[in-house]
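Participant: Predicted model follows, preceded by the sequence.
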Amino acid sequence: MKNIKPIIWGIAIIALGVIFGGNAIGLFNIDIFFNGWWTLFIIVPSAISLITEKEKLVSLAFIAAGVLLLLAAQEVFSYDVAWKAILAVGLILFGCSILFKTIFHSDSDKEVEKKVKELKDDKTMDAQVAVFSGSDRAYKGEKFSGSNLTAVFGGVDTDLREAVFDKDVVIKAFALFGGIEIAVPDDVEIKTKSAFLFGGISDDRKETVKAKHTIYLDAAGGFGGISITDKKKKH
């Protein structure tokens, strides 16, 4: 169900409005400003993402972090213990993610790995690097043979909507405390393989029709993300 996320957000906002209204007219008295109330801004969005997004481990990690910080705010234990526990939980979940993907390779992962090995020495691949900066490139009628995209505390935008594809290509992407946006035409399929710590890939495209070629996206990073779209950039 495509509209599940806005529906859940709508229900959550309505519930918040009911609480404020009920408190105001004396219908009930629900104190939402308890010790650690701010952790709800971590827990609630993460819980919604757990329901609506494919990447479950990231959402679980943030829920765990929010709950640990809430318990620290409630003086169940100290913030020092909470941060150490958050680090431990993050490492455990990241390790589980690596093990799971290593043991239970999806067909897409295997296909991307095979294609990356085939084209690892392809000298025609482009590169975009943004370190504490931004990089923006649009291919307008240019041949695209693949690219290495790197965003470290920065952003990379690659617009392939008007690029020329004459074969399947590989995009290797790394985002560390940064973001990468890849705009693609609707006749190109994307198959992905990813390894992220607190981050992931979001695909906001419409359903691909009559795909002529495939982009094999090999992505990794931490505290960052990659967005795939078929629309014009929002900025």
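Facilitator: The structure has been received and is ready for your questions. Numbering: from 1, shown residues only.
Participant: Who is the spatially most central residue of the chain paired with across the strands?
Facilitator: When Cα atoms, centre = their mean is applied to the chain, the residue found nearest the centroid is residue 200 (3.1 Å). Note on residue 200: beta-bridge partners by DSSP bridges are residue 225.
Participant: I'd say it and residue 61 touch.
Facilitator: No: Residue 200 is beyond contact range of residue 61, at 11.0 Å (criterion: Cβ atoms under 8 Å). Heads up, the C-betas are built off the backbone N, CA and C, glycines and all.
Participant: okay, now residue 196: neighbour count?
Facilitator: As a burial measure, residue 196 scores 22 neighbours (other Cβ atoms under 10 Å).
Participant: and after the least confident helix or strand in the chain by mean pLDDT, which helix or strand comes next?
Facilitator: Sorting the helices and strands of the chain by mean pLDDT, DSSP states H and E puts helix 107-118 at the bottom, at a mean of 66. Counting by DSSP states H and E, the element after helix 107-118 in chain order, helix or strand, is strand 126-131.
Participant: what's the helix or strand following that next one packed up against?
Facilitator: Proceeding N to C from strand 126-131, the next assigned helix or strand is strand 134-143, under DSSP H and E. Judged by 3 or more Cβ pairs under 8 Å, 6 or more residues apart in numbering; DSSP states H and E, the packing partners of strand 134-143 are strand 126-131, strand 155-164.
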